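Visitor: no sequence for this one, just the structure:
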DNA sequence: GAGTGGTCTAGACCACGCT
DNA sequence: GCGTGGTCTAGACCACTCC
């Protein structure tokens, strides 16, 4: 009948601790693919949490593709550890670089402050924004793989520092500037790249590139970043996990 | 202290009813983009549900990109109604056809029963399966857009009926055969298509197609369908909504 | 301080899988 | 019948926003 006994939030929720702990254990094969996790009531004892908290943690792991719950049986560990190459959810290139064994580097090619968005970014909804404009080339194993155009909008971004090679934009936004990224939309198409980008990526005759356009938003729904990425078609690979949504 | 008063599950959960009702209202602009939904406590009264149930419904809408919750303020309606062209989550082509104003048709080109998976599908983990093999061509506005190769595995699929043009595989699996689809993995790459497919899709010189390989699973984690889709690069468009996951 | 969402607890009952 | 997950309720307290 009473709430929890502590008065101080330990910076991170009990639910998140459980998620991270279970994710770690799955990742390190303490729970093997095909195994059943301990039952919800066992986890209640293990973590000293209510069943509701346990269930919310398991829901999160389910959504991320770590486990599948089967009524009457338990929670099975799935084999979807492997993450996407360029991007599945929202994760920075640097984070991907770390969590997979990727030998990737980023070169900053251009970095200026603009008074307005570039014309060809075509955004009727948001305009007349100052922005920090970036052009970067991503190399994987020394091969040019992605050409990134970025606009960091101001507001909400102010005093964006000079970016160096291999710096992570997300890390700066979240950790140094206190701007928590919340969600993003992405659109993937195939288009002809212009001469400059085609040269940089060493595209062939067709000059076709995979184009990923994304809009990144903060928790207060303000738009913070626009990105257009040109991926070399031979090096593009997108892996996704999705759950069925009934209408 | 007591559970709910009813004894009969009305086939669909109260939580899902709330999700569907709110999604409808957002879709039909009863709640406009940028509006705040009624507060959680108001929704408790509106729907006669506990706050926990309301919150779980809102969590689902959040995950799907309908709303963004802001602490201390409320739940804002986002503008991500528009769904992906070929596929965002797991949804059948027919469902997409209905929910968007798409003039699409599907032609069944080949339909046979195989004793084993085709060699080039390369699946070490699952083998020696009988399967129902399908080749279909998807036309959008009369233009060939997608060439689909499908394998429906047996087991779990038994007695798969003869498929006609514009039939939905998912509908047959879920409604007629009682096989509930639960989740899927997808991989998107760009590859050269073979002559036959290139001709059907009327690809240009480069013969490049966007290749989407997916594995579809049931609720009991059994693999039910393998698909390789070749998309015409000019007509391929993938739209995604993703939320930030902290490690 | 009032109102909103965020986290957590404790308990009840239902539906499913197995033996 | 027992154990597992699925749904729902009622209540407590925290953190944040805005007046």
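Guide: Nice, thanks for sending it over. These figures come from a predicted structure and were not determined experimentally.

Visitor: Leaving out the residues flanking it, which one is nearest to residue A:36?
Guide: The shortest distance from residue A:36 to any non-neighbouring residue, by Cβ to Cβ, 6 or more residues apart in numbering or on different chains, is to residue A:74 (4.0 Å). In short, each C-beta sits where N, CA and C put it, glycine included.

Visitor: I'd like to know how many residues surround that neighbour.
Guide: Neighbourhood size, residue A:74 [other Cβ atoms under 10 Å in any protein chain shown]: 16.

Visitor: helices and strands of chain A: which one bottoms out on pLDDT?
Guide: For chain A, counting by mean pLDDT, DSSP states H and E, helix A:93-99 ranks last in confidence among helices and strands (a mean of 62).

Visitor: returning to that earlier point: what separates the residue nearest to residue A:36 from DNA strand C, distance-wise?
Guide: Noted for residue A:74: a distance of 9 Å to DNA strand C, by Cβ to the nearest atom of the strand, to the nearest Å.

Visitor: what about residue A:174, which SS state?
Guide: With DSSP: H, G, I helix; E, B strand; the rest coil as the basis, residue A:174 sits in helix.

Visitor: Over to residue A:227?
Guide: Note that with three-state DSSP, the state of residue A:227 is strand.

Visitor: Isn't residue A:40 up against residue A:57?
Guide: No: with contact defined as Cβ atoms under 8 Å, residue A:40 does not count as touching residue A:57 (9.8 Å).

Visitor: Now for residue A:194, how many residues are close by?
Guide: 11.

Visitor: Tell me the pLDDT of it.
Guide: For residue A:194, the pLDDT comes out at 90.

Visitor: What distance do you get for it to residue A:120?
Guide: 10 Å (Cβ to Cβ, to the nearest Å).

Visitor: Dig out what residue A:223 forms beta bridges with.
Guide: residue A:217 (DSSP bridges).

Visitor: Verify the contact between it and residue A:215 for me.
Guide: Yes: counting by Cβ under 8 Å, residue A:223 does reach residue A:215; the two are 6.0 Å apart.

Visitor: is residue A:149 in a bridge, and if so with what?
Guide: With DSSP bridges as the rule, residue A:149 is bridged to residue A:135, residue A:228.

Visitor: Contact partners for it?
Guide: Counting by Cβ atoms under 8 Å, 6 or more residues apart in numbering or on different chains, residue A:149 touches A:133-135, A:227-229.

Visitor: returning to that earlier point: surely the residue nearest to residue A:36 meets residue A:34?
Guide: No: Residue A:74 is beyond contact range of residue A:34, at 11.5 Å (criterion: Cβ under 8 Å).

Visitor: Three-state assignment for residue A:243, please.
Guide: Classified using three-state DSSP, residue A:243 is strand.

Visitor: Quick check: closest non-adjacent residue to it.
Guide: Using Cβ to Cβ, 6+ apart, the closest residue to residue A:243 is residue B:183 (4.8 Å).

Visitor: Can you read off the backbone torsions of that neighbour?
Guide: phi -150, psi 170 (degrees, to the nearest 10).

Visitor: now residue A:137
Guide: Here is the backbone geometry of residue A:137 (degrees, to the nearest 10): phi -120, psi 130.

Visitor: Give me the distance between it and chain B.
Guide: 19 Å (Cβ to the nearest Cβ, to the nearest Å).

Visitor: Please apply the same query to residue A:68.
Guide: From residue A:68 to chain B the distance is 5 Å (Cβ to the nearest Cβ).

Visitor: Roughly how far does that residue sit from residue B:169?
Guide: 21 Å.

Visitor: For the residue lying closest to residue A:236 once chain neighbours are set aside, I want the exact helix or strand it lies within.
Guide: Spatial nearest neighbour of residue A:236, excluding adjacent residues (Cβ to Cβ, 6+ apart): residue A:210 at 4.4 Å. According to DSSP states H and E, residue A:210 maps onto strand A:208-218.

Visitor: and the angle from that strand to strand B:208-218?
Guide: 50 degrees (axes from the mean of the first three to the mean of the last three Cα atoms, to 10 degrees).

Visitor: quick one: strand A:208-218 to chain centroid distance?
Guide: 12 Å (Cα atoms, centre = their mean, to the nearest Å).

Visitor: correct me, but residue A:31 touches residue A:37?
Guide: Yes: if you go by Cβ under 8 Å, residue A:31 and residue A:37 touch, sitting 6.1 Å apart.

Visitor: picking that back up, counting neighbours, go ahead and name the busier of residue A:40 and residue A:57.
Guide: In this view residue A:40 and residue A:57 are compared by other Cβ under 10 Å, and residue A:57 has more residues nearby, 25 against 16.

Visitor: ok, now which ones touch the more buried one?
Guide: With the criterion set at Cβ under 8 Å, 6+ apart, residue A:57 makes contact with A:15-16, A:18-19, A:22.

Visitor: Show which residues not belonging to stretch A:62-78 make contact with it.
Guide: Outside stretch A:62-78, the residues touching it (Cβ under 8 Å, 6+ apart) are A:22-23, A:26, A:31-37, A:39, A:58, A:61, A:80-81, A:241, A:243, B:63, B:182-183, B:185, B:217, B:219-221, B:245.

Visitor: which ones among these come in contact with DNA strand D?
Guide: A:37, A:39, A:58 (Cβ under 7 Å from any atom of the strand).

Visitor: Weed out the non-buried ones from the residues you listed.
Guide: A:37, A:58 (16 or more other Cβ atoms under 10 Å in any protein chain shown).

Visitor: which of the ones next to DNA strand D among the contacts of stretch A:62-78 lies closest to DNA strand D?
Guide: DNA strand D has its nearest neighbour among these in residue A:39, at 3.4 Å by Cβ to the nearest atom of the strand.

Visitor: and the gap between the spatially closest residue to that closest one that is not a sequence neighbour and chain B?
Guide: Computed as Cβ to Cβ, 6+ apart, the closest residue to residue A:39 that is not its neighbour in sequence is residue A:74, at 6.0 Å. As judged by Cβ to the nearest Cβ, residue A:74 and chain B stand 11 Å apart.

Visitor: mind checking pLDDT for the residue lying closest to residue A:155 once chain neighbours are set aside?
Guide: Excluding its sequence neighbours, the residue lying closest to residue A:155 (Cβ to Cβ, 6+ apart) is residue A:222, at 7.4 Å. Looking at residue A:222, its pLDDT reads 89.

Visitor: is stretch A:34-42 anywhere near DNA strand C?
Guide: No: using Cβ under 7 Å from any atom of the strand, stretch A:34-42 never reaches DNA strand C; the gap is at least 9.8 Å.

Visitor: gap between that stretch and the chain center?
Guide: So, by Cα atoms, centre = their mean, the centroid of stretch A:34-42 is 28 Å from its chain's centroid.

Visitor: Quick check on residue A:58: phi, psi?
Guide: According to degrees, to the nearest 10, residue A:58 has phi -70, psi -40.

Visitor: element containing the residue lying closest to it once chain neighbours are set aside, please.
Guide: Leaving aside its sequence neighbours, residue A:58 sits nearest to residue A:75 (Cβ to Cβ, 6+ apart; 6.0 Å). Element membership for residue A:75 (DSSP H and E) is strand A:74-77.

Visitor: what about the helices in chain A?
Guide: With DSSP state H, the ranges of helices along chain A come out as A:14-27, A:40-47, A:51-64, A:93-99, A:169-171, A:195-201.

Visitor: residues touching residue A:150, list them.
Guide: A:132-136, A:169, A:225-227.
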